[in-house]
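J.: fold the following and give me the result.
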Amino acid sequence: MPRICGWSLRDREVSIVENHEFTSAATSSGRVVEDQQRLMARLPAMVDQITDIVAIDSGSANAAGVNAVLDSLSDGLRAAGFNLARHRVVGHGDCLEATLDIGAGPAVVVLGHADTVWPDGTAAGWPCRRDEQWIDGPGIGDMKAALVMAATALSELAAEGAPGWGRVTLLVTPDELRGSAGSRALLERIADRTDVCLTLEGVQSGGGMVVARGAVGAVTLTAHGRTAHCTETGGASVISELIELLPRIAALTDADAGSLVSIGVLRAGTARQVVPDFAEVEIDIRGVDVEVGLDVVNRLRALVDEPRHVPGVRVAMSGGLTRPAFGTDRSDALYTLAASAAAELGLPSRPIRERGGSDGSFFGDRGVLILDGLGPYCENSCSRRERVDIASIPQRGAVLLALLRTAAGIPTQ
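T.: Alright, predicted model coming up:
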């Protein structure tokens, strides 16, 4: 049996993961190539639609922009026979639930998000650009190209009646990049009536698909002190307190235990000569599993609850684990089918154990069969160099279609 390299958080090195044996019979020989050719014929229209929605600012807090992206997706889905529902998420745009009800049989959710990390005004200064291989723009890889790819593939499936399924749903959230706090309850309700979840985060280099995810947390610290002129007594500096506290928080990272703590944002101070009386700190937490993640949260809380180094300063903590973990027991069978489909196109595959979270984590945690990393190939996600390999759009769309044709036969218990 061949062996493939995949990432493991526990040792923060490349670890060896056993690949699954598979045969092309699982996806019915030749069908995947036909699907790729059909999607290639629709590629110009897909690129046009991708260009249009990349031109829409749809940061997580931009409800109008997120909803405009959902409007663009909705037109084609409605024409393909999907029933559309929009769920309001307070402080964000809507969550789109596009459903094809067929009858008796298992339920599959294709899962994505319409929000991006980019602030308002980014799209105007960074229009979509393309050459023979790449297309770029804000949010194109995470994950506007994947949304168009999935909506197009689902319209192809709907034309065939989605054999084997009882219900097929495209679910698009508005707040994934903020941790999905507003949409989590809806996601979990839908997960409880779902058998299979196919998630649209981008495929990684070498055909990497995500077969497991660790736990993710988001914590905010707020520090309050007393303001004063720097030449006078009586002030209580929150920065002086945090200088002592934050290195101890960063030291909670433990590669051997599989934990990672990153202090990503620090806001403090109003003027150089004024003792700062308020600060806010945003902290990212990763754990190889929920137990490790909870242990980090509890140790961080213990540090916050200690007596303060600077008299007159108080520190409060909010947040905790935002996404659970899921393991390979929920993804093995789907990975085998996806790797088989990719092989028919001459594409490599490798299983990835990812430390990052996604909305798919809520499904995997609730016992749903899941595979992540099914979107087009993106380089430099969430950076100014973010770009998508154009050829990967019909390729990964064909792999998604192969899963939608075959995964209904996988036992879900």
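J.: what sits against the residue nearest to T322 when sequence neighbours are not counted?
T.: Using Cβ to Cβ, 6 or more residues apart in numbering and skipping the chain neighbours, the partner closest in space to T322 is G179 (4.1 Å). In this view, the C-beta of every residue, glycine as well, is placed from N, C-alpha and C. Shown in contact with G179 (Cβ atoms under 8 Å, 6 or more residues apart in numbering): V216, A218, T322, R323.
J.: make a PyMOL selection of the buried ones in the residues you listed.
T.: Those of those that count as buried under 16 or more other Cβ atoms under 10 Å are selected in PyMOL with:
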select buried, resi 216+218+322+323
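J.: looking at the contacts of G179, which are in helices?
T.: Among the contacts of G179, no residue falls in helices (DSSP state H).
J.: in CSV, list the contacts of G179 along with distance to Q273 and pLDDT.
T.: Output for the contacts of G179, formatted as CSV (distance: Cβ to Cβ, whole Å; pLDDT from 0 to 100):
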residue, distance to Q273, pLDDT
V216, 40, 94
A218, 34, 91
T322, 38, 90
R323, 42, 92
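J.: the chain: helices as residue ranges?
T.: 31-41, 43-54, 63-79, 122-125, 145-159, 184-191, 238-250, 290-305, 332-344, 360-365, 392-406.
J.: and I102, which of the ones you listed is closest to it?
T.: Closest of the helices of the chain to I102 is helix 145-159, at 9.5 Å (criterion: Cβ to Cβ).
J.: which residue is the nearest non-sequential neighbour of the spatially most central residue of the chain?
T.: Of all residues in the chain, the one closest to the mean position by Cα atoms, centre = their mean is S358, 3.4 Å from it. Excluding the flanking residues, the one nearest S358 by Cβ to Cβ, 6+ apart is E201, at 5.3 Å.
J.: I'd guessed the one you found sits against D372; true?
T.: Yes. Using Cβ atoms under 8 Å, E201 is in contact with D372, at 5.4 Å.
J.: pull the helix or strand with minimum mean pLDDT from this structure.
T.: strand 3-8 (a mean of 26; mean pLDDT, DSSP states H and E).
J.: and S381, backbone torsions?
T.: In terms of degrees, to the nearest 10, the main-chain angles of S381 are phi -60, psi 140.
J.: any idea how far it lies from D136?
T.: Between S381 and D136 the computed distance is 11 Å (Cβ to Cβ, to the nearest Å).
J.: looking at those two, which is more packed in?
T.: More crowded of S381 and D136, by other Cβ atoms under 10 Å: D136, with 21 against 17.
J.: identify the residue nearest the more buried one in space, chain neighbours excluded?
T.: Closest to D136 by Cβ to Cβ, 6+ apart is R387, at 3.8 Å.
J.: my read: the one you found touches P138, true?
T.: No. Using Cβ under 8 Å, R387 makes no contact with P138, being 10.9 Å away.
J.: ok, which stretches of the stretch 101-250 of the chain are strands?
T.: Listed in chain order, the strands of the stretch 101-250 of the chain (DSSP state E, counting those that start in this stretch) span 107-113, 129-130, 134-136, 167-173, 196-199, 208-213, 215-224.
J.: pull the number of nearby residues for A61.
T.: What A61 shows, counting by other Cβ under 10 Å, is a neighbour count of 16.
J.: that one contacts G91, doesn't it?
T.: Yes. A61 lies in contact with G91 (Cβ under 8 Å); the separation is 7.1 Å.
J.: re earlier: now the residue nearest to T322. Its backbone dihedrals?
T.: Dihedral angles (degrees, to the nearest 10) for G179: phi 100, psi 0.
J.: per-residue pLDDT, it?
T.: Predicted confidence (pLDDT) for G179: 87.
J.: could you check how far it is from L221?
T.: Distance from G179 to L221, by Cβ to Cβ: 16 Å.
J.: ok, now R301?
T.: Distance from R301 to L221, by Cβ to Cβ: 10 Å.
J.: cool, and L347?
T.: L347 is 45 Å from L221, by Cβ to Cβ.
J.: ok, the two, which is more surrounded?
T.: Comparing L347 with L221 by neighbour count (other Cβ under 10 Å), the higher total belongs to L221, at 24 against 19.
J.: so who does the more buried one touch?
T.: A279, E280, V281, I283, V304, V315, A316, M317.
J.: for the last one, the count of nearby residues, please.
T.: Here the number of neighbours of M317 (other Cβ under 10 Å) works out to 17.
J.: what's it in contact with, if anything?
T.: V219, T220, L221, L300, R301, V304.
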